[in-house]
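A.B. asks: Below are the sequence and a predicted model for it; my questions follow.
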Amino acid sequence: MTAESTDRVAVFERERPRLLAVAFRVVGSDSDAQDVVQEAWTRYAQADADQIRNVQAWLTTVVTRLCLDVLRRSRESPRRPEDMPVSAAGQDPEDVVLLAGELTAAFTVVVEELTPPQRVALILHDVFGAPFEEVAHILDTTPGSAKKLASRARARVRRTGWPDDEARQAREVVSAFMKAAQQGDIDGLVQVLHPDVTRTADPQILRPGAPQRVRGRQAVIEETRAMRAAARRARLVVIDGRPGIAVGAGHGDGPRAALVFHVADGLIVGYDVVADPRRLALLDIQD
């Protein structure tokens, strides 16, 4: 292997966790995300390095466009952007980052209903903090159009948010989940998890080969019990104004990971384990 090839492998392996996180959140499938990232590696390995000014941006563009191809192939009649609800009058949401809790709800309820461009605009901008200029380049549109796509998607997602009067119940449920996880209390976990609960996670926090999505109460309980040691380092926090859990310490003494929950009717319907540094940086985490 040449020195250039070795360097390319090192660069790609450094970027792989972030690329997997992007791909998974766009296509919603572990296997499809893995396939997309593998294809991105093939293209990167064959590309002329002199033509790539910014490797991270280049790889993000390739991965996202491959994801769009996957989404478009899976939909015979995608909804048009103009078919989606617009933001409420008087609001200007284009420059507002979507709350992680709302996005977690979106992954279990809404995101699959969005058009592929809306899905990409929402995830790249609101989850990974990509500027609309970059989103526009990937989607081959203007920054203004990219803003509108994200705005319409965001408006749809926010219709799934929790009413304020459910915040106290949600905190009690999340607290009970954390206590049960720390104690290895199976009965306690059963009481707070919906039968079809979904756990999503960034690859940075997972063991090699572990799925980014786990579905079903039993599967989530088994994983939670296996991670009891990590649970003991967890604490209850407020994430973007909603109850959540922070785990361990990462760079700058911030948490290594944050758990963002979607609670409905007194049960945890889904939660997202945020460990990607760029995603963590977008969260407002308060003790």
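C.D. replies: That came in fine, so what should we check first? Numbering: from 1, shown residues only.
A.B. asks: leaving aside the residues next to it on the chain, what's closest to D276?
C.D. replies: D202 (4.4 Å; CB to CB, 6 or more residues apart in numbering). C-beta here means a position set from N, CA and C on the backbone, and glycine is covered the same way.
A.B. asks: Let me see the contact set for the one you found.
C.D. replies: Shown in contact with D202 (CB atoms under 8 Å, 6 or more residues apart in numbering): 17, 21, 212, 257, 273-276, 279.
A.B. asks: Using a markdown table, please lay out those together with pLDDT, secondary structure and distance to L66.
C.D. replies: Shown next, in a markdown table, are the contacts of D202 (pLDDT from 0 to 100; DSSP: H, G, I helix; E, B strand; the rest coil; distance: CB to CB, whole Å):
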| residue | pLDDT | secondary structure | distance to L66 |
| --- | --- | --- | --- |
| P17 | 90 | helix | 17 |
| A21 | 88 | helix | 15 |
| Q212 | 89 | coil | 17 |
| A257 | 92 | strand | 27 |
| V273 | 92 | strand | 24 |
| V274 | 91 | strand | 23 |
| A275 | 91 | coil | 23 |
| D276 | 88 | coil | 19 |
| R279 | 85 | helix | 21 |
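A.B. asks: Out of the residues you listed, which is nearest to G244?
C.D. replies: Relative to G244, the closest of the contacts of D202 is V274; by CB to CB it sits at 9.1 Å.
A.B. asks: any idea how far Q118 is from the closest one?
C.D. replies: Counting by CB to CB, to the nearest Å, the gap from V274 to Q118 is 22 Å.
A.B. asks: again with T200
C.D. replies: Taken as CB to CB, the span from T200 to Q118 is 19 Å.
A.B. asks: Which one's more surrounded, these two?
C.D. replies: It is Q118, of T200 and Q118, that has more neighbours when counted by other CB atoms under 10 Å, with 26 against 23.
A.B. asks: list the buried ones in stretch 265-278?
C.D. replies: The neighbour-count check on stretch 265-278 (16 or more other CB atoms under 10 Å) flags 267-276 as buried.
A.B. asks: I'd like those as TSV, with distance to G241 appended.
C.D. replies: Output for these, formatted as TSV (distance: CB to CB, whole Å):
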residue	distance to G241
L267	21
I268	18
V269	19
G270	18
Y271	16
D272	16
V273	19
V274	16
A275	21
D276	21
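A.B. asks: I52: which of the residues you listed is nearest?
C.D. replies: D276 (22.5 Å).
A.B. asks: so what's the closest one up against?
C.D. replies: So D276 contacts 17-18, 21, 128, 202, 204 (CB under 8 Å, 6+ apart).
A.B. asks: So V197, which state does it fall into?
C.D. replies: strand (DSSP: H, G, I helix; E, B strand; the rest coil).
A.B. asks: Equivalent analysis for V269, please.
C.D. replies: strand.
A.B. asks: Kindly provide the distance from it to V197.
C.D. replies: Distance from V269 to V197, by CB to CB: 6 Å.
A.B. asks: before we move on, which element is R156 in?
C.D. replies: Assigned by DSSP states H and E, R156 belongs to helix 143-158.
A.B. asks: Would you mark the buried spots in that helix?
C.D. replies: 145-158.
A.B. asks: Just after the helix or strand of the chain with the lowest mean pLDDT, pick out the following helix or strand.
C.D. replies: Scoring the helices and strands of the chain by mean pLDDT, DSSP states H and E places helix 100-109 at the bottom, with a mean of 59. Tracing the chain past helix 100-109, the next element assigned as helix or strand by DSSP H and E is helix 116-122.
A.B. asks: pull the CA atoms of that following helix into CSV?
C.D. replies: Output of helix 116-122 as CSV, limited to C-alpha atoms (Å, rounded to 0.1, in the frame of the first residue of the first chain):
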residue,chain,number,x,y,z
PRO,A,116,-36.0,13.3,0.4
PRO,A,117,-34.8,16.9,0.0
GLN,A,118,-36.7,18.0,3.1
ARG,A,119,-35.2,15.2,5.1
VAL,A,120,-31.7,16.0,4.0
ALA,A,121,-32.1,19.8,4.7
LEU,A,122,-33.6,19.1,8.1
